[in-house]
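[1] Got a predicted structure here, sequence first:
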Amino acid sequence: MANPIVAVVDSVFPTLDPARKALKRVNAEIRMADEPTPEKILEVAADADGVLTTYGQVTAEIIEGLNNCKVIGRFGIGIDNIDVAAAAAKGITVTYAPVYCLDEVSDHAMALLLSLARKVTYANNLVSEGRWEMPAVVPIARLRGKTLGLVGLGNIPQKIVIKAQAFGLNIVSFDPYCPEEVFGRLNVGNVSFDDLLNQSDYVSIHVPLTPETENMFNMDAFKKMKATAFLINTARGPLVNTNDLAAALDEGELAGAGLDVLPNEPPTADDPIVGRKDVIITPHTGFYSEDALLDLQTTVASDMAAVLAGEEPKYPVK
């Protein structure tokens, strides 16, 4: 039997050696697309047994052109760049890494929250401009006793709960899909979306990008937030309408934001959310650590090897 072929749509990794090591058990031959366009993807994937992607779009059109594919693996947590329904219709298993970078993203969300709360980035920028002016940084509110609203209570926000409670924050969450037992076990209030917006001093977003959640945070949502509240997004950029966010900040509907993701990455020079003193932006680095990248490649490639060996994957998309 010929060695299986694994096509790689795109890669952000310095090396694919961890994936190669995991796929060695089935003696897979790895073929890399020159660029993540439909034509170039199908050049290497049309007859492949498996397809690996990071950000490249694996559309219904591409899936239709896969002749031998048994499994599509996503190097990441979200799966919005794969047409899962089209894959299922063709009998193709889709796998991902739902427990990857939990510490990294939850740490990053807390770092943004703390920097907003203590005005660390703002104060640093003042000092860099030659301004040693404590009065220019005030007011700063005490963190303990404030309310953090988590939109979504999956694996990452559950990590945040433990870290935020250590700082004395009260936690509420909106997640209609999360069992009530989880709320009770974590001592998290189960509230509606509107109640979360009304109550929270900090709102942190942790939901997948779907047609229902796209632009979930728009002007209507911002108008329901406290004028002193801060928004944090380490999930998906299009969950937040950043044009509305900029306008809401100008109108005093909320106090500031910490964003690791944007609707358009990188942003254009005239993007109204960039360059503001009340917004911290990091370039989609929340997922990153050397350890996380090793975990990511190993997890996804190991599941691909399992499917190609006729076994059940550990993390299939259901």
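    Sure thing, it's come through.

[2] Show me what the top helix by length along the chain is in contact with.
    Across the chain, the longest stretch assigned as helix under DSSP state H is helix 290-308. For helix 290-308, contacts defined as CB atoms under 8 Å, 6 or more residues apart in numbering pick out 4, 6, 13, 16, 18-23, 25-26, 28, 49-50, 52, 70-71, 73-76, 93, 95-97, 99-101, 103-104, 312-316. C-beta coordinates here come from the backbone N, C-alpha and C atoms, glycine included.

[3] same deal with stretch 235-247?
    78, 80, 152, 205-209, 213-219, 222, 231, 233, 257, 259, 261-265, 271-273, 276.

[4] remind me which residues of the stretch 201-318 of the chain are low pLDDT?
    Along the stretch 201-318 of the chain, no part satisfies pLDDT under 70.

[5] just to revisit the earlier point, of the contacts of stretch 235-247, which belong to strands?
    Mapping those onto strands (DSSP state E) picks out 205, 231, 233, 257, 259.

[6] Buried ones among the residues you listed?
    205, 231, 233, 257, 259 (16 or more other CB atoms under 10 Å).

[7] Surely residue 122 and residue 133 touch.
    No. Using CB atoms under 8 Å, residue 122 makes no contact with residue 133, being 11.4 Å away.

[8] neighbour-wise, which of those two wins?
    Between residue 122 and residue 133, counted using other CB atoms under 10 Å, the more crowded position is residue 122 (16 against 12).

[9] distance of that one from residue 259?
    For residue 122, the distance to residue 259 equals 15 Å [CB to CB, to the nearest Å].

[10] can you check residue 242 too?
    Distance from residue 242 to residue 259, by CB to CB: 8 Å.

[11] residues in contact with residue 195?
    If you count contacts by CB under 8 Å, 6+ apart, then residue 195 has 172, 174 around it.

[12] name the element it belongs to?
    Applying DSSP states H and E as the criterion places residue 195 in helix 193-199.

[13] Which positions in that helix come out as buried?
    196-197, 199.

[14] State the number of residues packed around residue 53.
    Using other CB under 10 Å, residue 53 has 26 neighbouring residues.

[15] Any idea what it is bridged to?
    In this structure, residue 53 bridges to residue 74 when assessed by DSSP bridges.

[16] Tell me if I'm right that it and residue 78 touch.
    No. Assessed by CB under 8 Å, residue 53 is found out of contact with residue 78, at 11.5 Å.

[17] what about dumping the CA coordinates of the host helix or strand of residue 40 to PDB?
    Here residue 40 sits within helix 38-45, counting by DSSP H and E. Provided in PDB are the C-alpha atoms of helix 38-45 (Å, rounded to 0.1, in the frame of the first residue of the first chain):
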ATOM      1  CA  PRO A  38      -8.000  27.100  -4.400                       C
ATOM      2  CA  GLU A  39      -5.900  26.300  -7.400                       C
ATOM      3  CA  LYS A  40      -2.600  25.800  -5.500                       C
ATOM      4  CA  ILE A  41      -4.300  23.900  -2.700                       C
ATOM      5  CA  LEU A  42      -5.900  21.400  -5.100                       C
ATOM      6  CA  GLU A  43      -2.500  21.000  -6.900                       C
ATOM      7  CA  VAL A  44      -1.200  19.200  -3.800                       C
ATOM      8  CA  ALA A  45      -4.500  18.100  -2.200                       C
END
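
[18] Which residues does that helix contact?
    Residues outside helix 38-45 that contact it (CB under 8 Å, 6+ apart) are 7-9, 31-34, 51, 56, 58-59, 61-62, 65-66, 69.

[19] Pick out the most distant pair among those.
    The most widely separated members of those are 32 and 61, with 20.4 Å between them, by CB to CB.

[20] List the buried residues for stretch 6-25?
    Neighbour counts over stretch 6-25 (16+ other CB under 10 Å) mark 6-11, 16, 18-19, 22-23 as buried.

[21] Can you flag which of these belong to helices?
    Filtering the buried residues of stretch 6-25 for helices - DSSP H - leaves 18-19, 22-23.

[22] would you turn those residues into TSV with pLDDT and distance to residue 238?
    Below are these laid out as TSV (pLDDT from 0 to 100; distance: CB to CB, whole Å):
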residue	pLDDT	distance to residue 238
18	96	30
19	97	28
22	97	31
23	98	32
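
[23] just those now: which is nearest residue 84?
    The closest of those, once distances to residue 84 are taken by CB to CB, is residue 19, at 21.2 Å.

[24] Appreciated, that's everything.
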